[in-house]
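A.B. asks: With the input below, show me the fold.
(chains A and B)
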Amino acid sequence: MQIDWLAFTPGPAFFGGILLGLAAALYAILHGRILGISGIVSGLLSPKEGDVNWRLSLALGILSAPLLSSLFFDLHTTTVIDADWISIIVAGLLVGFGANYGSGCTSGHGVCGLSRLSPRSLVATVSFMTAGFLIVFVIRHVLGL
Amino acid sequence: MRRHFNFYSQYLIGVLFGVGLIISGMSNPQKILNFLDLAGNWDPSLIFVMGGAILVGLAGFYLVSKRSEAFFGGALHIPTRRDISKPLIIGSLIFGAGWGIAGFCPGPAIVALGAGHLKALVFVLAMLAGMAICNRFFTGHKK
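C.D. replies: Okay, here's the model as predicted:
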């Protein structure tokens, strides 16, 4: 293991993390819910009365963040997508299925669950991190893609 | 009136969350993959993101535990389950595999979609399909 000191950005990472924690905390206090993006989005697929607008409001907020942050803070969104189209589709299917089947994703289990000291979320987080480490190792160092 | 505030608040929290992902660099799949690549040129930034988020989250959820209802009214929908189930582990492993293939998880994919990336749109559509498949064929697992 060697650290990529040029790519490593502890300051912005920590500050951005504080904003994520703040969003999760505000969401729980004001709305009484877990800020779990997979759960909130997935609820739109089986819409119930009075259940659609708040989910859409939150999703639209996330969706408009790049535009608003470049307009008001001159902060541009860096997104480099190396994966090819097939990988994107396979990854999307796995992420969607896995998040629903495992009751959460990086936000619901990772940020909120660990903050709540939930044993389920700790197991989930260790599981998806491990799978992520293994897949990247196989793709980059075994297959050499 | 309170009802409208509810939606504005939802929207603004979504914006805050999205901006947090952008500032922290987590809306960039390349940065996620370089974190997951322990054997390569490792970028540990994600640990600092989680550290900052959990620091604030701990305080926030402590405050929530003292409340009996949400500020905007209604019951708290905070999970109470503590059992470690098979779907929890298997689902999380599948999720992690997908995360490691493209470097996208749901939040950052929506941010990248908002930034206008066509691949993010395809990812989000595939993700919704994956969720629909799970909801359709594996709905009994939550019990």
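
A.B. asks: Tell me how far residue A:12 lies from residue A:92.
C.D. replies: Using CB to CB, to the nearest Å, residue A:12 is found at 27 Å from residue A:92. (C-beta placed from N, C-alpha, C; glycine too.)

A.B. asks: Comparing the two, which residue is more hemmed in?
C.D. replies: Per other CB atoms under 10 Å in any protein chain shown, whichever of residue A:12 and residue A:92 has more neighbours is residue A:92, with 28 against 15.

A.B. asks: contacting residues around the residue lying closest to the more buried one once chain neighbours are set aside?
C.D. replies: Nearest residue to residue A:92 in three dimensions, chain neighbours excluded: residue B:126, at 2.7 Å (CB to CB, 6 or more residues apart in numbering or on different chains). Taking CB atoms under 8 Å, 6 or more residues apart in numbering or on different chains, we find residue B:126 in contact with A:88-93, A:96.

A.B. asks: Restricted to helices, list these.
C.D. replies: When DSSP state H is applied, those are split such that A:88-93, A:96 fall in helices.

A.B. asks: Of the residues you listed - the most surrounded one?
C.D. replies: The most crowded member of the ones in helices among the contacts of residue B:126, judged by other CB under 10 Å, is residue A:96 (33 neighbours).

A.B. asks: For chain A, give me the ranges with low pLDDT.
C.D. replies: For chain A, no stretch is flagged by pLDDT under 70.

A.B. asks: Check the gap between residue A:41 and residue A:62 for me.
C.D. replies: Between residue A:41 and residue A:62 the computed distance is 9 Å (CB to CB).

A.B. asks: With neighbour numbers in mind, choose between those two.
C.D. replies: Taking other CB under 10 Å, residue A:41 and residue A:62 do not tie; residue A:62 has more neighbours (30 against 26).

A.B. asks: tell me which element the more buried one falls in.
C.D. replies: When elements are defined using DSSP states H and E, residue A:62 is found to belong to helix A:53-72.

A.B. asks: What helices and strands are in contact with that helix?
C.D. replies: With contacts taken as 3 or more CB pairs under 8 Å, 6 or more residues apart in numbering or on different chains; DSSP states H and E, helix A:53-72 sits against helix A:37-42, helix B:2-24, helix B:106-114.

A.B. asks: Quick check: what element follows the longest one along the chain?
C.D. replies: So the one you mean is helix B:2-24. Downstream of helix B:2-24, the first helix or strand assigned by DSSP H and E is helix B:29-36.

A.B. asks: tell me the angle that next one makes with helix B:2-24.
C.D. replies: Angle, helix B:29-36 to helix B:2-24, by axes from the mean of the first three to the mean of the last three CA atoms, to 10 degrees: 70 degrees.
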